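> build the 3D model from these lines:
(chains A and B)
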Number of protein chains: 2
Amino acid sequence: MTEADLLALLRALPLHPGARGLRDDAAVIGPYVLTTDTLVEGVHFLTHDPPGDIAWKLLGVNLSDLAAKGAEPEGVLLNYPLSDPDWDRAFLAGFDDALRAYACPLIGGDTVTLPSGAPRILTLTALGRDAAAPSRTGAQSGDALWVTGPIGDAGAGLAIALGEPGPSELLAAYRRPVPRLAEGRALGPHVHAMSDVSDGLLLDAARMAEASGLAVAIDLAAVPLSPAYVAHRGDTRAARISAATAGDDYQLLFAAAPGYFPPVVAARIGAFATGSGLTLHHAGEPLPLPATLGYEHSPLAPVHLRP
Amino acid sequence: MTEADLLALLRALPLHPGARGLRDDAAVIGPYVLTTDTLVEGVHFLTHDPPGDIAWKLLGVNLSDLAAKGAEPEGVLLNYPLSDPDWDRAFLAGFDDALRAYACPLIGGDTVTLPSGAPRILTLTALGRDAAAPSRTGAQSGDALWVTGPIGDAGAGLAIALGEPGPSELLAAYRRPVPRLAEGRALGPHVHAMSDVSDGLLLDAARMAEASGLAVAIDLAAVPLSPAYVAHRGDTRAARISAATAGDDYQLLFAAAPGYFPPVVAARIGAFATGSGLTLHHAGEPLPLPATLGYEHSPLAPVHLRP
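Below you'll find the predicted structure:
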């Protein structure tokens, strides 16, 4: 079954009007936005990642979807598989710290046992409030494309987690992504479309353009890189392509009117126009698209139901 | 780690006021109630259970928690692990039927891949509205204890699913439990406490008494059995104990003033009094408590976070 087949089946189910056709990061139900993300051991995190970091990541990726809708966290539900007591204690200590850091209380959840040897699967569902809730479908021709911060750190951090030598701050970007909640709140009421960058900048930008029925052009030279990334990987064109196609960044990507200047740190990296598809250039020089735009979904790879 | 240790850790996390101290079937957030349940292959369902039935069960057990709060379903979020196309199609066909049967739309979700050979883990989160939301802690001394229908069918059905010969209607009670939504709506505003019977009648009744700071006495002779159960297992005292300690019934258990007569089919099976603990009798003759009251939680067995 391809992703398109699966999504067609899911979209044929009876959908809530707030589900936005399963095309957005979150659903809008009454005064709330709702999102859910599952992390699987061996797929979304590594077996040897510290349990406390996995808790931070689980909360971070879910709150990032709330950030993309401009929401304040109301609370979360946790579906938790019991394992060994030391792992459980370390996970819950990290989860406690992370909940307090984001002033996000626990609403409820469920705990289960897994058969012996089964990979851990962690699900979190996040409820947000006071959301402007810009969709990913609202970009307009002529809009500028912006991103709130450095791209590629988490991708480099994953390589470090897998054994490559490298600085701890890149590893931290992979293990403890920071949801851009304040940025989302400030931007939400003013932008035309917004999503987070979870699967890769080029892929998420292409999806926003497609969902909005537009073409988008991105200037690779304008994509912001962190000093740590440049020190570690360099600032070559290949390093920039690698950053722009890695996932797990959790910056916010947004479309806004050409005259809009965002009240938060952000880089202007492209523009929307009539037409379709993604084009890439480097300060005006056309570039071919890379073979993959991000964390592409094979028929059996992770897929977001959007929301 | 014991269940008590785990719950102590969870209750020490920052909790939402609507979490009800993680002591209820569902949380109450603004105009909504929220609940989530995870089903694990080999723990909550059998590998050879039909995928469509698993979908009905996943929805049924979650909507049962909404029923226990007297709520109407607003919608659900699905966290789904992709597996093989035939299984996925059969699951989604059953899920489609079940959503339509309960007029419950899909709000969103997430799909993931599991490492090869991993057991399937399915999570559903249900949102309900217009709930009277009786807690499980509100029983009063002198209240009668009621249950909305036959007990034990699903326990007998599990034995049939595992290979024992038996009638299809008991198997169906195990595989497609029916949430008592209409009963919950009718009862919600009038009862003092309500929960569903998920882990066993005696265990869930003992929990309600403990949560309410009371003792409860149950008349085993008054526990309703279905004609199919009696035909299959008989109506001996042992058959009644077996029914009252099996799980997965998903009837509603409620405490109400002694003069209250419920507007739905229900059996009066006991009474609350000052004190603590569960006592059992058979039409007045005292009975010893069985060794287990229901689906007891070993330190690594499934545990509900309540909600």
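> the closest residue to chain B within the stretch 51-200 of chain A sits in which helix or strand?
At 3.4 Å from chain B, residue A:108 is the closest residue in the stretch 51-200 of chain A, using CB to the nearest CB. The way it works is simple: take the backbone N, C-alpha and C, and place the C-beta from them, glycine included. According to DSSP states H and E, residue A:108 maps onto strand A:106-113.
> check residue A:76 too.
strand A:72-82.
> that strand packs against which elements?
helix A:51-68, helix A:85-101, strand A:106-113, strand A:121-129, helix A:181-187, strand B:27-29, strand B:32-40, strand B:121-129 (3 or more CB pairs under 8 Å, 6 or more residues apart in numbering or on different chains; DSSP states H and E).
> paired strands for it, with orientation please.
With DSSP bridges as the test, strand A:72-82 is paired with strand A:106-113 (parallel), strand A:121-129 (antiparallel).
> ok, of these, where does mean pLDDT dip lowest?
Sorting these by mean pLDDT places strand A:106-113 lowest, at a mean of 92.
> okay, now residue A:162: neighbour count?
Residue A:162 has 10 neighbouring residues, counting by other CB atoms under 10 Å in any protein chain shown.
> before we move on, what about residue A:230?
By other CB under 10 Å, 16 other residues sit near residue A:230.
> after the host helix or strand of it, next one along is what?
Taking DSSP H and E as the criterion, residue A:230 maps to helix A:227-233. Moving toward the C-terminus from helix A:227-233, the next helix or strand (DSSP H and E) is helix A:237-245.
> which residues does that next one contact?
A:151-152, A:155-156, A:200-203, A:218, A:220-221, A:223, A:225, A:229-230, A:233, A:282, A:287, A:290, A:292-294 (CB atoms under 8 Å, 6 or more residues apart in numbering or on different chains).
> among these, which are within reach of chain B?
Checked against chain B using CB under 8 Å from any CB of the partner chain, the contacts of helix A:237-245 give no members in range.
> mind listing which of those are in strands?
Cross-referencing these against strands under DSSP state E gives A:218, A:282, A:287.
> quickly find the element holding the closest residue to the last one other than its chain neighbours.
Using CB to CB, 6 or more residues apart in numbering or on different chains and skipping the chain neighbours, the partner closest in space to residue A:287 is residue A:280 (4.5 Å). Counting by DSSP H and E, the element that carries residue A:280 is strand A:277-282.
> that strand - contacts with which helices or strands?
helix A:201-212, strand A:215-219, strand A:285-287.
> quick check: angle from the strand holding residue A:108 to helix B:51-68?
140 degrees (axes from the mean of the first three to the mean of the last three CA atoms, to 10 degrees).
> tally of neighbours for the nearest residue to residue A:39 once chain neighbours are set aside?
Counting by CB to CB, 6+ apart, the nearest residue to residue A:39 once its immediate chain neighbours are dropped is residue A:122, at 4.9 Å. Per other CB under 10 Å, the neighbour tally for residue A:122 reads 23.
> residue A:81 is in contact with residue A:122, correct?
Yes - the pair residue A:122 / residue A:81 is scored as a contact, 7.2 Å apart, by CB atoms under 8 Å.
> give me the low-pLDDT residue ranges for chain A?
Residues of chain A meeting the criterion pLDDT under 70: A:2-3, A:296-307.
> hmm, what's the outermost residue in it?
Going by CA atoms, centre = their mean, the residue of chain A most distant from its centre is residue A:116, 31.4 Å out.
> tell me the SS of it?
Secondary structure, DSSP: H, G, I helix; E, B strand; the rest coil: residue A:116 is coil.
> buried members of the contacts of helix A:237-245 into ChimeraX, please.
Restricted to buried positions by 16 or more other CB atoms under 10 Å in any protein chain shown, the ChimeraX selection for the contacts of helix A:237-245 reads:
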select /A:151,152,155,156,200,201,202,203,218,220,223,225,229,230,233,282,287,293,294
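> brilliant, that's me finished.
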